[in-house]
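**Q** Got a predicted model here, sequence first, then my questions.
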Amino acid sequence: MTNLLPYFLLLPGVGYIASLLAPRRSEKTVSGIAFATVGSQLLLALAFTALWLVNGATAIDQKEVVLYQTPHYSFFIDLSFDKVTAVYLLVGSILTFLVTVYSRIYLHREEGYKRFYNLLQFFFLGYVLTIFAGNLETLFVGWEVLGLTSFLLIAFYRTRYLPVKNAVKVFSIYRIGDVGLILAMWLAHHVWHHNIRFSELAGPLFQTLPEGLHPGALPFIGFAILVAAAAKSAQLPFSSWLPRAMEGPTPSSAIFYGSLSVHIGVFLLLRTYPLWHEETSVRIAIAAVGLLSAFLASGIGRVQSSIKSQVAYASLAQIGLIFVEVALGWHTLALVHFAGNAFLRTYQLLVSPSVVSYLIREQFYEFEPAKKTVESWLPKKLQYTLYMLSVKEWNLDNMLYRYLWNPLKWAGRRLDFLSINRALVLFTPVYLLGMVGLFNENLMPGNLVAVLPIVFSIVGLVLVLKAFTERHRAIMSWVFVLLNHLCVALAIAFNEHVGAWEITLYLAGIFLAAAIGFLCLRRLRNFEGGINLNRFHGHGYEHPKIAAVFLLACLGMAGFPITPTFIGEDLVFTHIHEDQPALALFTALSLIIDGLAIIRIYARLFMGPHVKSVYDMGYRSS
Amino acid sequence: MNHRPPAFDAHHVVHQLKHYLPAQAPLKDFVHHNTLHSFQHLPFEEALRTASAIFGYKLTLSLQEYRNLYQQGRIRKDVLLQVIAEHKGKAAAGDYRNQLLNGAFTLPGLPRIGALRSGWKKHYQVDLDSLVQPTLFRILCSYLDQGISIWSFPVTDQSFLGALREMERNSLTSFFRKRRSRQLLLDTECTIEDLLQLLVGKEDYYEHYLYDQQFAHPGWSGMVSAIEDQPQTLLDRRNISLHDLIVFELLLELDALDYYNGKNWEPLAFVVKEKPEDLFAPVPATELDEALAIWQQAFERSYYDQVLAGLQLEQTTPRRIAHHSFQGLFCIDDRECSFRRYLENEDPACATFGTPGFFGVEFFYQPGGGKFYTKLCPAPVTPRYLIKEVGSRQQREKDPHFTKHSHPFHSGWLISQTLGFWSAVKLALNVFKPSTSPAATSSFKHMDHEATLTIENKDVNDLENGLQIGFTVPEMATRVEGVLRSIGLVRNFAPLVYVVGHGASSVNNPHFAAYDCGACSGRAGSVNARVLSYMANHPAVRAILQEKGIDIPESTRFVGALHDTTVDDIQFYDIPALSGSLQKLHWKNVATFKTALDNNAKERSRRLELIDSTATAEEIHKQVRRRAVSLFEPRPELNHATNALCIVGRRELSKGLFLDRRSFLNSYNYAIDPDGTYLFNILKAAAPVCGGINLEYYFSRVDNQKLGAGTKLPHNVMGLFGVANGMDGDLRPGLPSQMIEVHDPVRILFIVEHFPDVVLQVINRAPETYEWFGNEWVHLAVVHPETGAISLFRKGCFEPYQPLLTELPAVADLTPLLETATENFPVYLLKTQSA
């Protein structure tokens, strides 16, 4: 039975590649491939689950491929199957299959038919990888795929302003979640000194916690995971992204933000339960986040006057309750609740256009003016206050801006004096000195070496902030992202004696991606003259090929699992010690902002309304 | 129109603004209209370039699209040369054609709208739209919401601003970020002038600023303006005005600037370097404008020429039919065009007529149990009559998926874990085996066919809310006479005269009202059909008619019916009231209707790529029916797409032509209306109705982004009255791309059968009618009833027109054609199988 697990990945993988190769014009072929892939996956899932149940339903875990191995470190893909996987697999396959069939006709003649199906298949692959993951590293690969496909599907109508803007917004919140996961992986690695498998957690591993472990380590892992889960499942304080993600074709909104994608945070909690279940503080925090989300989202949902945002808030209120159930350890209930909520919201979103005729008919026959609601019992002042707060979504959306992005932008703007030339003039000698120092470490005073990692990580952070807030020159922004990676590499090199091979692993992909990206940008500049980042330009409209290649470069640069950099990033963190939270934090921050800066360059240059085709584009507000 | 007083007058500017904003009413009352109605006082081409330069609309196909049409032969070479010759002289025609085909043209610069307000971003790096619009839209939508939210706006018995004041005054929080705007709202009168003074600073910039501001979100502004003008369009009424919207938006802008820049900012007019060009300054024609106009004319005439040639070439010897098997009155709707052709094919002894589908009876309708009235006549008419449905036994089905209890966390907890699993089953069922559900709309549910209607009024004091319940006998007689005379049915009555209204069915379709009968304000025409039949069957009415020279034999009965254009099914009313022999006749006719409907479904299917049109008519009909109940089908039918003609004349005029469902058909007999009295009434209604439909399709097609609704796939229903993309988007008026993608943007050609001098005199009777023809928003051709000669109306007079084509392909059997092609057909002559 165990041998069958890879097929669950192979099938959507092959389907995805076939979908990429399918002719763009042939709707039948494109949707046919998806139908066959997801359909077979569903059959396989049903058969496998039945067999598994008959065989006693014991959890399966298997190490599949070791991607990288050193004496202290091993990066491997690990697959597992248990009750949680089974439920997520069945619900996911059923919904994806139904939506596949549904969209066959719904998207007929739509520009981007094939793109939609490609993304749907890629999403499905990421989903399956996530739910079958037997260790955090494998899960993280799937997690990244989900984030990327989400971004691209929200921005499906890429020539309009709002979808692109909202896609970037959602991506940035996902990015926070990613860092939660990275930090969890980092600390977990240090606690157990190897990349742990989930199956080990339940076993004797837990009884053999290393001596002298910092008492905060395990709670820290728990909280990092909570951040990741809350971001992905739109719990507080991240909730406001969910209704804003409803920009793609209705079926994609239904399956992503009504059901599957948004329940992945719950999955993460269920999967990592053994890691944190003995930490009361974590359990309380999870339950509190869930309960508060449920309350607030219900309140906000009550005043929503657009149908999709209403369903979105209803869905995330239920997810809040599922968080509570998970925290309480009621996992079977949580799974049933997940399945029901996913099905219900998918269907509600799919029939949402019918709400006009249905509710107007109801209104026509049953209208009562000034209907009483629960709130009518409140004093007027409280009533108005509550209502206004709910309409404003308790300022959740502004809060993220105010406390997260605006300070970053503010900090970046302090760096306005730093032109590319000045930056290079300042950076190059410092970096070269650093390199020289690295190879002649014995000549340097010990306490200087000790602070260098943090110094270089701060330099890196400054550079990437600059990249993130650069308004004018796109190429400059791109170069700064590269410099940030170099700094991170140097900081780590100073921190611990890292083999050249490991640094190469980390930087090889970066350099390749940076070079390709640089060429793309140069080429675009040749066509278009100056390319600034002051607004969305929509150059993908005229230069779809450059856009596609540049997207790949961006993925490489951001450490997406298509280059070895991905493993390198994980590796980098293993060289940060558990007693260096500052270094970990700075490096993690670098990575978040780095991803944001990259996606910002891509979105601003290639997405949004095309600057030159004013007469063909919709209103910015549309 | 563009005369403006020297000083800024807010009232005047708001009034003008309303005129330019989209006029679409809430979705349930969707009625087609000319999207550019505000430019209708200008000649078509001047209007297009003016509107484009001011508002940035794209109002023709692109040069490349025209060139492609030329390559495909859809724009004919001879026609193009003819049109060029008319504009540029014969000598230059060849050269200019080369220029059109290969030349380069200077593209237009930026539109004037937005030029001033973009200064905020330029000078202060503040993105005012992003800071203001989401809040503005959300509050506006909450206030107007008709029933999506569970907890609705707490103050709805006051005007929009009044409600905001009341809430701001009694709340611990505020919609504003800073104190100033809140205080302005609470403590001052908030005139537009005062706020503009703070925000813009110089008076001569105010007007431009307001246009920039409101046209940054024309969807919401237009909806507010439409609701202000017709508050009854919201069942749960709201007292809103564009003025209130502007004031609130200005306050929010002020607030955003205070928030973003602190005290560190000056009014806009003091920082912009150059005053932007006057919005409404004349727009000179560019070379590109002229080229596009010539292309467009050539495109239109390439089609018209075939039609006009066809009128002259078709066999024009009508067979005299002594005894009609039945007669049918249909709506002029272009969708009935092929249905009538199939009926006439199936039963050559029948006769069909076309008249606007409210059948001359205007009233409000109250279905049994309904709490409101529904208007069943053209939108501009305000009826004085009320007709009520009595004894309806129709049950309204419910669908728990729409219940609001699934949203709060406590009841949602239970519902998601129970109903949730049923959802999966329902979804699977609909995906694989679509069937009807409470979510769907069906035209047959408009009225219970077993219920009775309060049609006759015996006491004029029988009033309800100021409306007279039913019509008196003389009122009925006037209406029946009007309809019969206008279509020329005054003698030779068949034993059965069907009055066939139409409606549509769909699911998951917020634009459902656009699919129903436009002459019934976007509702099904069943009630009207039944009402007219009742009137025409009434003995007292018939007595009056007889006095007036319309002698309907006692044996003749009128029968109401409803044709559903989506599923191609028909329902007849009051059949049990027919005598036994008539019932027998009726059942014979029903078979004819059924076959015609199957064939009609088959003809329609050729446009629907996903149906195999070579299957049998019955099989295709099944698939066509399924579309109306499939959640995943964004094109239940194609509605008025491809409409291009409106023929006003006897059926014989165009019976020998295959017009491919592209024509409105209004029956009219010049012989009984020598001075054009009825013609005037017909054109007065048909020009705005057919012209409005045609132009809405035209503009939604050429600029689907700004004037159409874009693709409907991501639409999100806002407050039950509009759709937007996503959560924070502007409302999207106009037609979604799925409705217009097969439409050819050509202006409609009216073809009237009468003497040119009479027609000229008729269209000059009312200026609002003349505007349509005189400014060439619609084309007009007249067929001389005696000679068959054709004249085209151009620049105020009729000129003789000789079609360039001298022959047209003739077909005897359409089936092979219908089974193989999906694009527009040329005009074919129909070979009648001679018996």
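**A** That came through fine. Note that the structure is a prediction, hence the values are computed from the model and not measured.

**Q** So chain B: which segments form each domain?
**A** B:33-100+B:288-316+B:640-835, B:119-271, B:325-397+B:442-633, B:402-432 (automatic domain parsing).

**Q** Out of those domains, flag the one nearest A:Leu270.
**A** Closest to A:Leu270 of the domains of chain B is domain B:402-432 (Cβ to Cβ; 16.7 Å). In short, each C-beta sits where N, CA and C put it, glycine included.

**Q** wait, does the closest one contact chain A?
**A** Yes - interface with chain A: domain B:402-432 contributes B:402, B:406-409, B:412-413, B:415-421, B:423-424, B:426-428, B:431-432 (Cβ under 8 Å from any Cβ of the partner chain).

**Q** how about low-confidence regions in the chain?
**A** No chain in the question, so chain A it is. A:1, A:203-212 (pLDDT under 70).

**Q** Wait, chain B was what I had in mind.
**A** B:1-6, B:316-319, B:832-835.

**Q** For it, which residue gets nearest to chain A?
**A** The nearest approach of chain B to chain A comes at B:Gly420, 2.9 Å away (Cβ to the nearest Cβ).

**Q** Please name the nearest non-neighbouring residue to that residue.
**A** Excluding the flanking residues, the one nearest B:Gly420 by Cβ to Cβ, 6 or more residues apart in numbering or on different chains is A:Gly340, at 2.9 Å.

**Q** That neighbour: what's it in contact with?
**A** B:Ser416, B:Gln417, B:Thr418, B:Leu419, B:Gly420, B:Phe421 (Cβ atoms under 8 Å, 6 or more residues apart in numbering or on different chains).

**Q** any idea whether it is helix, strand or coil?
**A** Look at A:Gly340: counting by DSSP: H, G, I helix; E, B strand; the rest coil, its state is helix.

**Q** What distance do you get for it to B:Glu346?
**A** 53 Å (Cβ to Cβ, to the nearest Å).

**Q** what does A:Ser199 give?
**A** Taken as Cβ to Cβ, the span from A:Ser199 to B:Glu346 is 73 Å.

**Q** Which of those two has more residues huddled nearby?
**A** Between A:Ser199 and B:Glu346, counted using other Cβ atoms under 10 Å in any protein chain shown, A:Ser199 has the larger neighbour count: 19 against 16.

**Q** And the contacts of whatever helix or strand the more buried one lives in?
**A** Assigned by DSSP states H and E, A:Ser199 falls within helix A:198-202. With Cβ under 8 Å, 6+ apart as the test, helix A:198-202 has contacts from A:Ala59, A:Asp61, A:Ser80, A:Ala133, A:Gly134, A:Asn135, A:Leu136, A:Trp192, A:Arg271, A:Thr272, A:Pro274, A:Leu275.

**Q** The same query, at a cut-off of 10 Å, please.
**A** Outside helix A:198-202, the residues that touch it by Cβ atoms under 10 Å, 6 or more residues apart in numbering or on different chains are A:59-63, A:78, A:80, A:82, A:84, A:133-136, A:138-139, A:188, A:192, A:194, A:205-206, A:271-277.

**Q** Mind putting the domains of chain B into JSON lines with distance to A:Asp594?
**A** Shown next, in JSON lines, are the domains of chain B (distance: least, Cβ to Cβ, whole Å):
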{"stretch": "domain B:33-100+B:288-316+B:640-835", "distance to A:Asp594": "28"}
{"stretch": "domain B:119-271", "distance to A:Asp594": "24"}
{"stretch": "domain B:325-397+B:442-633", "distance to A:Asp594": "41"}
{"stretch": "domain B:402-432", "distance to A:Asp594": "37"}
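
**Q** Nearest to A:Leu292 among those domains would be which one?
**A** Closest among those, using Cβ to Cβ: domain B:402-432, at 11.1 Å.

**Q** For that closest one, buried residues please.
**A** B:402, B:404, B:406-409, B:412-413, B:415-417, B:419-420, B:423-424, B:426-427, B:430-431 (16 or more other Cβ atoms under 10 Å in any protein chain shown).

**Q** Equivalent analysis for stretch B:304-324, please.
**A** For stretch B:304-324, by 16+ other Cβ under 10 Å, it's B:Tyr304, B:Asp305, B:Gln306, B:Val307, B:Leu308, B:Ala309, B:Gly310, B:Leu311, B:Gln312, B:Leu313, B:Glu314, B:His324.

**Q** Pull out the buried positions in whichever strand or helix holds A:Ala508.
**A** A:Ala508 belongs to helix A:500-528 when assigned by DSSP H and E. With burial defined by 16+ other Cβ under 10 Å, the residues of helix A:500-528 counted as buried are A:502-503, A:505-507, A:509-514, A:516-518, A:520-521, A:524.

**Q** since we're on B:Arg179, how many residues are nearby?
**A** 11.

**Q** Please read the previous query as pertaining to B:Asp448.
**A** 17.

**Q** Enumerate the residues of the stretch 451-600 of chain A near chain B.
**A** A:Arg471, A:Asn534, A:Arg535 (Cβ under 10 Å from any Cβ of the partner chain).

**Q** So the last one: helix, strand or coil?
**A** Read it as A:Arg535. What three-state DSSP gives for A:Arg535 is coil.

**Q** Run a quick neighbour tally on it.
**A** Neighbour number of A:Arg535 under other Cβ under 10 Å is 15.

**Q** if I read this right, it contacts A:Ala474, doesn't it?
**A** No - using Cβ atoms under 10 Å, A:Arg535 is not in contact with A:Ala474; the gap is 11.9 Å.

**Q** Quote the end-to-end distance of stretch B:355-364.
**A** Taking Cα to Cα, to the nearest Å, stretch B:355-364 runs 20 Å from one end to the other.

**Q** What of stretch B:799-808?
**A** End to end - Cα to Cα - stretch B:799-808 spans 23 Å.

**Q** try stretch B:570-588
**A** Start-to-end, stretch B:570-588 (Cα to Cα) is 15 Å.

**Q** What residues of it count as buried?
**A** B:Ile570, B:Gln571, B:Phe572, B:Tyr573, B:Asp574, B:Leu578, B:Leu582, B:Leu585, B:His586.

**Q** Which members of those residues occur in helices, if any?
**A** B:Leu582, B:Leu585, B:His586 (DSSP state H).

**Q** contacting residues for the last one?
**A** By Cβ under 10 Å, 6+ apart, the residues touching B:His586 are B:Phe326, B:Pro495, B:Leu496, B:Tyr498, B:Arg557, B:Val559, B:Phe572, B:Ile575, B:Leu578, B:Phe593.

**Q** Many thanks, we can stop here.
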